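1. heads up, no residue letters with this:
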């Protein structure tokens, strides 16, 4: 894939499937920890298939749940990427980088992952979704509640 000269083209907002497992929605802590782990390893993306399979020129095979958005990012900003730790693929964009969650195994999105379950404990939600983002007052309320 060659980089397009039109850097004004917009990248669509990241849709969410509700899962924070690698290959799905990027959790800010995943990106932060990966950045703290170091710069990562340079790679060049050769192709992104409709099924989410990402192939790099060195033979590395990865997967992401939103191949269309990743292809758009690569078309605008180029195919030179950085593979960080914790399943983070960084695509430099001149002002930083797009962080895309990747994994080595295909893991299709499951509709039940993103549904809101009122009253679900933070531990149960974390287990089901692979991560969680909640307002601190909700977490405090759960921790201060009956035990």
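-> It's in. The structure presented is a predicted model; accordingly, all values stated were derived computationally and were not measured.
2. Any buried residues in the helix or strand bottoming out on mean pLDDT in the chain, and which?
-> The weakest-scoring helix or strand in the chain, judged by mean pLDDT, DSSP states H and E, is helix 111-114 (a mean of 76). For helix 111-114, the neighbour count (16 or more other C-beta atoms under 10 Å) marks residue 113 as buried. Bear in mind the C-beta positions are built from the backbone N, C-alpha and C, glycine included.
3. cool, stretch 133-147 as well?
-> Applying 16+ other C-beta under 10 Å to stretch 133-147 flags no residue as buried.
4. Stretch 19-36 too?
-> Here stretch 19-36 shows 19-27, 30-31, 34-35 as buried, counting by 16+ other C-beta under 10 Å.
5. Which strands or helices does the least confident helix or strand of the chain pack on?
-> Helices and strands touching helix 111-114, by 3 or more C-beta pairs under 8 Å, 6 or more residues apart in numbering; DSSP states H and E, are helix 122-129.
6. for the helix it packs on, packing partners?
-> Going by 3+ C-beta pairs under 8 Å, 6+ apart, helix 122-129 lies up against helix 111-114, helix 136-144.
7. Not counting the least confident helix or strand of the chain itself, show me its contacts.
-> Contact with helix 111-114 is made by 16, 17, 18, 19, 24, 128, 129, as judged by C-beta atoms under 8 Å, 6 or more residues apart in numbering.
8. picking that back up, ok, which of the helices and strands packed on helix 122-129 comes nearest residue 66?
-> helix 111-114 (13.6 Å; C-beta to C-beta).
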